[in-house]
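Chemist: quick one: sequence and predicted model below, then my questions.
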Amino acid sequence: MKASGFSSKNPAPSFERAGLELEVRPAKVSDIAHIFDIQAQAGRSLPDATTLTPAIDDDARLVVVAFARGTSGVGDVVGWGKTHYWDHPDGPASEGRYLGGVAVRPDYRRSGVGTALTQARLDWIWRRTSEAWYVVNASNLVSIELHRRWGFVEVARASGSHTTTFDDGVGILMRAARPTIPK
């Protein structure tokens, strides 16, 4: 079983926004079809199943899915996200734990799904290290603003980082420190 950081002592976060109940949990291989459907609905390219399956099974990475439950109690997979671990630097990009992509079904955007997925992944990262990294296309202002909530700040700009390249040629490397708990 994957040691994802979710357990009876660290339950999967549950969120409620405007009557929508969200639950985020580690992905299973059986969720891949839902992930592909979300990517297609979001107009994004499909992930490579041959790399997604190992990521789901890898203790050094986390892939999560978000379920939305309505009044019927039946849940739908409405979003997903992942993390990466880079064991080597690449230019200004440090080795470390990175937030990977997040995708949300268009009919669930702006309802807290992206926030829930990001919080769950950061909670997992913070249990392992004191900093998190994230790369984003410089034109993706929605994502940049979302991540500022957790203290992400710009470190550098480049045309690529590790295996990520950017459509318009400009990406931003961002970093956040684990929040400290006041004494």
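Modeler: That came through, no problem.

Chemist: quick one: the strands in the protein?
Modeler: Along the chain, counting by DSSP state E, strands occupy 14-17, 20-26, 63-69, 75-86, 96-104, 131-137, 153-158, 160-161, 164-165, 171-177.

Chemist: and the fourth one, what does it pack against?
Modeler: The elements that strand 75-86 packs onto, with contact taken as 3 or more CB pairs under 8 Å, 6 or more residues apart in numbering; DSSP states H and E, are helix 32-41, strand 63-69, strand 96-104, helix 113-126. Backbone N, C-alpha and C define where each C-beta goes, glycine included.

Chemist: closest to the centroid, which residue in the chain?
Modeler: Centroid-nearest residue in the chain, with CA atoms, centre = their mean: Gly81, separated by 3.5 Å.

Chemist: that one: what's it in contact with?
Modeler: The contact partners of Gly81, by CB atoms under 8 Å, 6 or more residues apart in numbering, come to 63-64, 99-103, 117-118, 120-121.

Chemist: where in this structure is pLDDT low?
Modeler: For the chain, the stretches with pLDDT under 70 are 1-19, 70-74, 159-167, 182-183.

Chemist: now do 80
Modeler: Applying pLDDT under 80 to the chain flags residues 1-20, 46-50, 69-75, 88-93, 158-169, 181-183.

Chemist: returning to that earlier point: now which of the contacts of Gly81 would you call buried?
Modeler: With burial judged by 16 or more other CB atoms under 10 Å, the buried subset of the contacts of Gly81 is 63-64, 99-100, 102-103, 117-118, 120-121.

Chemist: for those residues, which one is nearest Val153?
Modeler: For the buried ones among the contacts of Gly81, the minimum distance to Val153 (CB to CB) is 14.1 Å, reached by Leu99.

Chemist: could you pull up the residues touching that closest one?
Modeler: Contacts of Leu99 by CB under 8 Å, 6+ apart are 81, 83-84, 118, 121-122, 125, 132-134, 147.

Chemist: now do 10 Å
Modeler: Applying CB atoms under 10 Å, 6 or more residues apart in numbering to Leu99 gives the contacts 62, 81-84, 117-118, 121-122, 125, 132-136, 143, 147, 150, 152, 174, 176.

Chemist: do Val29 as well
Modeler: 49, 52-53, 56-57, 63.

Chemist: let's see 8 Å
Modeler: Contacts for Val29 (CB under 8 Å, 6+ apart) come out as 53, 56-57.
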